[in-house]
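Peer 1: prediction below, plus the sequence it came from.
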Amino acid sequence: MLSIENVTKRFGNTIVLKGASMNVGRGESVGLIGKNGSGKSTLLRIVSRILSCDNGSITWNGQSLMGSDVRLRKSLLYLGHEPGFYPPLSALENLQFLAGLYGLEMSSEQITEKLGEVGLNVYQKGPIRNYSRGMLQRLLLAKALLITWDLLLMDEPTSGLDTDGKGILSKVIKLWRDEGRSLFIISHNERWISAHVDRINVLENGKIEAREGKIESRGPAEMEEEP
Amino acid sequence: MNLVILIRKELLLELRSREILISMITFGASVMLLYAFAFRPTPEALREFAPGLLWTVILFVGVLALHRSHSLEKEFDAFSLLLSAPVERSTLFLSKWFGSFILLVISQVILLPIFFLFLQLPFPSKIVPFIGLFILVDLGISSAGSLLSGAVMRSRVNEFLLPLLLFPMVTPLMISAVKSTAAIMESQPFSQWKLWLQLIVSFVIVFGLVGYLIYDYVSEE
Amino acid sequence: MESFHSKFSTKVMAVTIAIAWFSVLYLVLAVTRIDPDQQMAQKIFYYHVPSAWTAGIAFLMVAVSGGYYLLTKNEKWDQVGFASAELGTLFCALVLISGPIWAKPIWGTSWSWEPRLTTVLIMFLIYIGYFLVRQFGEAGERKRRVSAAIGITAFANVPIIYLSVKFWSAEAQLHPQPAMSQQPADVFWTFMLSLLTFTLLFIHLLRYRLHVLNLQSEISGIRNDI
């Protein structure tokens, strides 16, 4: 279980997070919504240890994530708003590198298969510098399909995706939820996120509160009508 | 194991982009060309200046590699992949250190013969100590440079902050390198330049250690 | 918050420094012997060396406070480091100014690449880089972390810088090497008093600078709350 307690973060004179607290239980999918600039991405990057917080604690299964024990991070996977890959390398090379970092021995065929699942196997050899926003987002999905994780941290996963891409995304999220894996998704699109998570929290004025009210679960087909 | 994967990534990036090695070699050769025209003393006088000229070029060329080692991480926010991965931050430092070291050595394989050719100087007869010296000094430049490059990578003016910080920091290394190179080129016995070698080794150890310990703090966003 | 200058400790310190300063001045001008070779130029030694000593203490404090900041993330340590770096650079500048003033009549040239002065020059340049990073680098917590890292790295380099410059050129070993313990009493005690005065001055200026930085920090906090 992920537990975020009283996290505070300041950038210069601006306090972005003021004692933010929330949990993501085992097998739970939790969404976090909020206005642009509210600090959602900041919180996710703190959990991923890309950023450090000024105060507070973050634990995963009872162990602090804020120390330098890298073994804890093996079961967490971060999919950021930016691609997080190397532009001169191909999709195949980027994922091979990633697999190596996570200690996975994977053949080119296995990685190509994952790229195929997100519709990128045709483009696997060229540098990803030439990829569109949507293609990069699909590559992020391939990353999540490749690496073994217990908690997935996703920042605006629909950004740049076309209808097909969103369909793939919805399908894999449903698959992960059915498998009982934990998801922590950030989005400014409340309608989309409410169809893909068990509950929603709202980040406002640096604090997190649960969104009251029933979440209507809608299937991927209904979500295809979303802009 | 992670270290090998990370260093391989550094070299693969250069193999795919072919940006920096060509730039390093071209820039280095251009500066040497300028030296050949700007300094037209007698061969004996040039021999006296040669070690200093050589190491100045190598330092300038090294800055290109050091700057690039972190600037490529910013494009597409690739660095966040490394920071969020189960990799020790000190291992990241080692990969940057050895990655830029390898690029520096490769560039020198081309630039050293060009230097001696353009300035019409004889290549040192004691090849092994000469190469050994370059390897040690390159380790020193890349250790200090990798730490400082990581420190200034997110600044908007990192192109000029890196040399501004690096050049005074590596002064003792450069002094020792110039003195040692001069001694080797003059075929002096090892006892004459042993002291400089000790300073170079001290520099490599100090900066390697400091970088290993504090890179964690400068790499975080 | 109480004004810095109205605090009892500040007044005591200021009076002590003033007394010590003018005592040193009197001793230097009226009591200590005149060097037969260097004449009056030698007297700059009572200010030049303590300036270098103070710069050294300041840079040590930059490194130590940098280490404490990285470990504790307490902003106070960053303030100590920054204030110490400012003062260290100031005293470095005093060394670089007083050195040539002495050198001109003695060596016939204002500047020569002798080891100690060169080491001070290199440290001066490194700390200019430190300030540029703080000015043009990122803001906030990352600025403090990077500054701490530079402060630690710079100080770790000092012994290597000094040794390399010292061995660099035998003919540049022009700097006087007085063994203080062998100096006559008037020279020794005047020098020690000057050393003490400069150290107290450093502490006083550091306290003042920290007071100002603390006020600035409070004002930023209030502005942010508004």
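Peer 2: That came through, no problem.
Peer 1: please count neighbours and contacts with C-alpha atoms only from this point.
Peer 2: Fine.
Peer 1: near chain A, which residues of chain B are found?
Peer 2: Contacts of chain B with chain A, taken as CA under 8 Å from any CA of the partner chain, map to B:2, B:5, B:9, B:12-13, B:16-17, B:72-73, B:75-81, B:83-88, B:220-221.
Peer 1: now do the helices in the chain.
Peer 2: With no chain named, the answer covers chain A. Taking DSSP state H, the helices of chain A run over residues A:40-47, A:91-101, A:108-117, A:133-146, A:163-178, A:190-194, A:220-223.
Peer 1: oops, I was thinking of chain C
Peer 2: For chain C, helices defined by DSSP H occupy the ranges C:8-26, C:45-72, C:75-107, C:115-136, C:140-168, C:185-225.
Peer 1: closest one to chain A among those helices?
Peer 2: helix C:140-168 (4.4 Å; CA to the nearest CA).
Peer 1: in that closest one, what's buried?
Peer 2: C:141-158, C:160-168 (16 or more other CA atoms under 10 Å in any protein chain shown).
Peer 1: relative to helix C:75-107, how tilted is that helix?
Peer 2: Counting by axes from the mean of the first three to the mean of the last three CA atoms, to 10 degrees, helix C:140-168 points 30 degrees away from the direction of helix C:75-107.
Peer 1: if we can go back for a sec, could you dump the helices of chain C into CSV and include mean pLDDT and distance to B:Val128?
Peer 2: Formatted as CSV, the helices of chain C follow (pLDDT from 0 to 100; distance: least, CA to CA, whole Å):
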stretch, mean pLDDT, distance to B:Val128
helix C:8-26, 91, 58
helix C:45-72, 93, 39
helix C:75-107, 91, 42
helix C:115-136, 89, 31
helix C:140-168, 88, 24
helix C:185-225, 89, 50
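Peer 1: now these as a markdown table including distance to chain A?
Peer 2: As requested, the helices of chain C are arranged in a markdown table below (distance: least, CA to the nearest CA, whole Å):
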| stretch | distance to chain A |
| --- | --- |
| helix C:8-26 | 31 |
| helix C:45-72 | 11 |
| helix C:75-107 | 11 |
| helix C:115-136 | 13 |
| helix C:140-168 | 4 |
| helix C:185-225 | 6 |
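Peer 1: what sits closest to A:Trp149 if chain neighbours are left out?
Peer 2: A:Ser75 (4.5 Å; CA to CA, 6 or more residues apart in numbering or on different chains).
Peer 1: run a quick neighbour tally on the one you found.
Peer 2: Residues lying near A:Ser75 (other CA atoms under 10 Å in any protein chain shown) number 16.
Peer 1: B:Asp216 - nearest residue in space that isn't next to it in sequence?
Peer 2: In space, B:Asp216 is closest to B:Arg89, 5.0 Å off (CA to CA, 6+ apart).
Peer 1: pretty sure that neighbour contacts B:Tyr215?
Peer 2: Yes: here B:Arg89 reaches B:Tyr215: they are 6.6 Å apart, a contact under CA atoms under 8 Å.
Peer 1: burial count for whichever residue of chain A sits closest to chain B?
Peer 2: Here the residue of chain A nearest chain B is A:Gly84; by CA to the nearest CA that distance is 3.9 Å. Neighbour count of A:Gly84, defined by other CA under 10 Å: 23.
Peer 1: list the contacts for the residue nearest to it when sequence neighbours are not counted?
Peer 2: What sits nearest to A:Gly84 in space, not counting adjacent residues and going by CA to CA, 6+ apart, is B:Ala78, at 3.9 Å. When contacts are counted by CA atoms under 8 Å, 6 or more residues apart in numbering or on different chains, B:Ala78 touches A:83-86, B:72.
Peer 1: one more pass at 10 Å, please.
Peer 2: Going by CA atoms under 10 Å, 6 or more residues apart in numbering or on different chains, B:Ala78 touches A:82-87, B:70-72.
Peer 1: for A:Ala142, same thing?
Peer 2: A:91, A:95, A:111-120, A:136.
Peer 1: for whatever residue of chain A ends up closest to chain C, which non-adjacent residue is closest in space?
Peer 2: With CA to the nearest CA, the shortest gap between chain A and chain C falls at A:Gly12, namely 4.4 Å. Closest residue to A:Gly12 apart from its sequence neighbours, by CA to CA, 6+ apart: C:Gly140 at 4.4 Å.
Peer 1: A:Lys9 versus that neighbour, what's the distance?
Peer 2: Per CA to CA, to the nearest Å, C:Gly140 is found 11 Å from A:Lys9.
Peer 1: now the residue of chain A closest to chain B: phi and psi?
Peer 2: phi 70, psi 30 (degrees, to the nearest 10).
Peer 1: does it touch B:Lys74 like I think?
Peer 2: Yes: if you go by CA atoms under 10 Å, A:Gly84 and B:Lys74 touch, sitting 9.0 Å apart.
Peer 1: any idea of the pLDDT on A:Ser170?
Peer 2: Each residue has a pLDDT score; the one for A:Ser170 is 92.
Peer 1: count the neighbours of residue 125 for me.
Peer 2: Defaulting to chain A. Using other CA under 10 Å, A:Lys125 has 13 other residues around it.
Peer 1: to clarify, I was referring to chain B.
Peer 2: B:Ser125 has 12 neighbours, counted by other CA under 10 Å.
Peer 1: what does C:Glu75 give?
Peer 2: Per other CA under 10 Å, the neighbour tally for C:Glu75 reads 16.
Peer 1: for stretch B:185-197, buried residues please.
Peer 2: Going by 16+ other CA under 10 Å, stretch B:185-197 has these buried residues: B:185, B:193, B:195-197.
Peer 1: residues contacting residue 109?
Peer 2: Going with chain A. A:Glu109 neighbours (CA under 10 Å, 6+ apart): A:92, A:115.
Peer 1: correction: the question concerned chain C.
Peer 2: C:100-103.
Peer 1: tell me where chain A is predicted with low confidence.
Peer 2: Applying pLDDT under 70 to chain A flags the ranges A:68, A:213-227.
Peer 1: change it to 80
Peer 2: Scanning chain A for pLDDT under 80 picks out the ranges A:12-13, A:67-69, A:121-125, A:212-227.
Peer 1: which parts of it sit against chain C?
Peer 2: A:9-15, A:51-55 (CA under 10 Å from any CA of the partner chain).
Peer 1: show me which of those residues are buried.
Peer 2: Of the residues of chain A next to chain C, these count as buried by 16+ other CA under 10 Å: A:9, A:51-55.
Peer 1: which of those residues sit farthest apart?
Peer 2: Spatial extent of these (CA to CA) is set by the pair A:Leu51 and A:Asn55 at 12.2 Å.
Peer 1: shared neighbours of these two, anything?
Peer 2: Common neighbours of A:Leu51 and A:Asn55 (CA under 10 Å, 6+ apart) are A:Lys9.
Peer 1: neighbours of C:His5, how many?
Peer 2: 11.
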